[in-house]
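Student: structure for the following, please:
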Amino acid sequence: MNVFKALASIVGTNLKNFRQSVSMAAIELNKAYSGSSFGMVWAFVKPVLFVLVYWFGITIGIKGGNDGNVPYIYKLIASILPWFFISEAWLKCGTSIRRNKHLVTKTVFPIPTIPVFEEMHHFLVHSILVAVATVIFAVSGYITVNFVQIIYGMICLFVLIWAISLICSALVVISRDFEHLIKSLTQVLFWLSPILWDIEKVKNYTIIYYIVRLNPVAYIVEVYNAAFLGNLSTGYAWFFNDISGTICFWAEIIVISLIGSYLFKRIEPDFADIL
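Tutor: Predicted structure coming up:
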């Protein structure tokens with residue numbers, strides 16, 4: 001019962017302080033690009049270079065990737081778009097309390113909102129990237145009615161990082177070793193997710209296939225593919241076609257949220273002393 005009370009307490013705190021979190025996210029966004037002549041342009045440089053390098057390496061370098069009726073570059077953009085958010089937000093949210101220790105030790109501040117406003121900052125950048133990608137896919141003729149499920153995919157993405165950040169932000173306060181662990185796990189998760197490769201290619205390897213299917217990132221990648229590519233995607237055209245995957249994803253979210261909330265509330269009273 002304590003785990004449910006902890007989750008309700010954290011959710012309640014964040015809802016109560018939602019406007020404050022939005023304001024803090026705006027401040028963080030401004031700080032991130034202050035002093036730069038090009039400002040938020042840099043938020044797009046890394047994703048563009050990332051996509052071009054992998055596209056060149058896979059399609060030109062090793063002559064792979066172009067299976068099916070959709071050019072690999074479009075599959076790559078649709079799949080890697082949520083990963084840009086995950087790779088940035090997971091580390092930043094996981095280390096948010098330690099990096100904002102002045103809010104914990106020197107002021108009376110709703111601590112559970114710290115990972116949230118940090119995530120909001122990155123989510124705004126992600127939303128802009130989604131908008132840019134939407135224009136590219138629309139001009140190319142790939143946007144169909146299936147695109148409406150991008151809203152669902154973005155909700156899944158936000159909730160996943162929020163749930164994970166509850167655990168990571170609390171553990172990083174205890175030891176910075178967990179910060180290095182996050183960086184390592186990020187690399188592992190990237191290659192275990194069907195971003196550069198098609199999940200159908202491992203379907204004959206039953207154990208590996210189900211391990212990948214249990215990966216919540218893989219589910220989100222499939223939703224983004226379905227949204228941007230519709231019936232042309234190699235997976236499901238609609239997220240609700242994958243009933244088992246949807247149930248599994250939200251079951252994992254609930255478990256992670258409950259564990260994270262309980263751990264966060266147990267350690268929270270000691271944050272100020274540790275920091």
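Student: any weak-confidence spans in the stretch 51-200 of the chain?
Tutor: For the stretch 51-200 of the chain, the stretches flagged by pLDDT under 70 are 54-55, 58-68.
Student: state the helix or strand in which the closest residue to Ser193 other than its chain neighbours lies.
Tutor: Excluding its sequence neighbours, the residue lying closest to Ser193 (CB to CB, 6 or more residues apart in numbering) is Val217, at 4.4 Å. All C-beta atoms are positioned from the backbone trio N, CA, C, and that covers glycine. In this assignment (DSSP states H and E), Val217 forms part of helix 216-229.
Student: next SSE downstream of that helix?
Tutor: Next helix or strand after helix 216-229 toward the C-terminus (DSSP H and E): helix 243-267.
Student: identify the residues contacting that next one?
Tutor: For helix 243-267, the surrounding residues in contact (CB atoms under 8 Å, 6 or more residues apart in numbering) are 2-4, 6-7, 9-10, 112, 156, 159-160, 162-167, 169-171, 173-174, 213-214, 216, 219-220, 222, 239-240.
Student: and the direction of it versus that of helix 216-229, what angle?
Tutor: 130 degrees (axes from the mean of the first three to the mean of the last three CA atoms, to 10 degrees).
Student: and helix 243-267, which residues are buried?
Tutor: 245-246, 248-249, 252-253, 256-265, 267 (16 or more other CB atoms under 10 Å).
Student: what does the average pLDDT come to for that helix?
Tutor: For helix 243-267, mean pLDDT is 93.
Student: can you pull out the helices in the stretch 1-150 of the chain?
Tutor: For the stretch 1-150 of the chain, applying DSSP state H, counting those that start in this stretch gives helices covering 2-16, 18-33, 42-55, 72-94, 96-99, 101-105, 114-139, 150-174.
Student: residue contacts, the spatially most central residue of the chain?
Tutor: The residue lying closest to the centre of the chain (CA atoms, centre = their mean) is Ile86, at 3.1 Å. Neighbouring residues of Ile86 by CB under 8 Å, 6+ apart: Leu157, Leu160, Ile161, Thr186, Leu189, Val217.
Student: which one of the residues you listed sits closest to Val104?
Tutor: Nearest to Val104, judged by CB to CB, of the contacts of Ile86 is Ile161 at 20.7 Å.
Student: can you tell me the closest non-neighbouring residue to that closest one?
Tutor: Closest to Ile161 by CB to CB, 6+ apart is Ala89, at 4.9 Å.
Student: what number of residues lie near the one you found?
Tutor: Using other CB atoms under 10 Å, Ala89 has 27 other residues around it.
Student: now Ile207
Tutor: The burial count assigned to Ile207 is 8, neighbours taken as other CB under 10 Å.
Student: that one: which element?
Tutor: Using DSSP H and E, Ile207 sits within helix 206-213.
Student: next one: that helix to chain centre, how far?
Tutor: Here the centre of helix 206-213 is set off from its chain's centre by 21 Å, with CA atoms, centre = their mean, to the nearest Å.
Student: before we move on, what about stretch 131-146?
Tutor: The answer for stretch 131-146 is 21 Å, by CA atoms, centre = their mean.
Student: distance of the residue nearest to Ser193 from Phe85?
Tutor: Counting by CB to CB, to the nearest Å, the separation of Val217 from Phe85 is 11 Å.
Student: who's more crowded, those two?
Tutor: Neighbours were counted for Val217 and for Phe85 using other CB under 10 Å; Phe85 has more, 24 against 20.
Student: one step back: okay, angle between the helix holding Ile207 and helix 216-229 too, please.
Tutor: 70 degrees.
Student: next, the buried residues of helix 206-213.
Tutor: Val212, Arg213.
Student: is it true that Thr134 touches Ile143?
Tutor: Yes. At 6.8 Å, Thr134 counts as touching Ile143 under the criterion of CB atoms under 8 Å.
Student: pull the contacting residues for the residue nearest to Ile161.
Tutor: If you count contacts by CB under 8 Å, 6+ apart, then Ala89 has Glu118, Glu119, His122, Phe123, His126, Ile161, Ser165 around it.
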